[in-house]
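Novice: coordinates only, no sequence provided:
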C-alpha cells in the first residue's frame, strides 16, 4: 500500500504542448508541492505509477501579474518537475491517478 503523503507531493500532471513534446523523450511533467525535494518527487512517482525514474529536474514558475478593474494582483508561484523515466517505462497522464 502506498503512503498517503506521496499523493500530497504530486498535485497534477501538466498537459501542454511543451510537455507533450517532452513525452517523446520519455519525460513527464508534474506540478508538485513547492517544498518537495527531488528525492521525494522520485519516490512518489515510482510508488504511485509503478515506474522507474532516472532523473528529476525542478523549477519554480513565477506567478503572473494580473490587472482587473484597476487592481493589480499576483498569482502564486508554483513548482514544476520534469521526471525522466527509465527506458521501457511510460506513464499515460490522460488516464488520471
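Specialist: Perfect, I can see it now. On a predicted model such as this, the values are computed, not experimentally measured, just so you know.

Novice: do a quick rundown of the strands in the protein.
Specialist: Per DSSP state E, the chain carries strands over the ranges 10-13, 27-32, 53-61, 65-68, 71-74, 78-85.

Novice: and residue 31, how far is that from residue 15?
Specialist: Computed with Cβ to Cβ, to the nearest Å, the distance linking residue 31 and residue 15 is 11 Å. Where you see a C-beta, it was placed from the backbone N, CA and C, and this is true even at glycine.

Novice: repeat for residue 56
Specialist: 19 Å.

Novice: again, but for residue 3
Specialist: Note on residue 3: its distance to residue 15, by Cβ to Cβ, is 26 Å.

Novice: ok, residues contacting stretch 42-61?
Specialist: 2-3, 6-7, 9-10, 28, 30, 32, 34, 36, 38, 41, 77-86, 89-91, 97 (Cβ atoms under 8 Å, 6 or more residues apart in numbering).

Novice: try it again with 7 Å
Specialist: 2, 6-7, 9-10, 38, 41, 77-86, 89, 91, 97 (Cβ atoms under 7 Å, 6 or more residues apart in numbering).

Novice: mind checking the end-to-end distance for that stretch?
Specialist: This stretch, stretch 42-61, spans 20 Å end to end (Cα to Cα, to the nearest Å).

Novice: that concludes my questions; thank you for your assistance.
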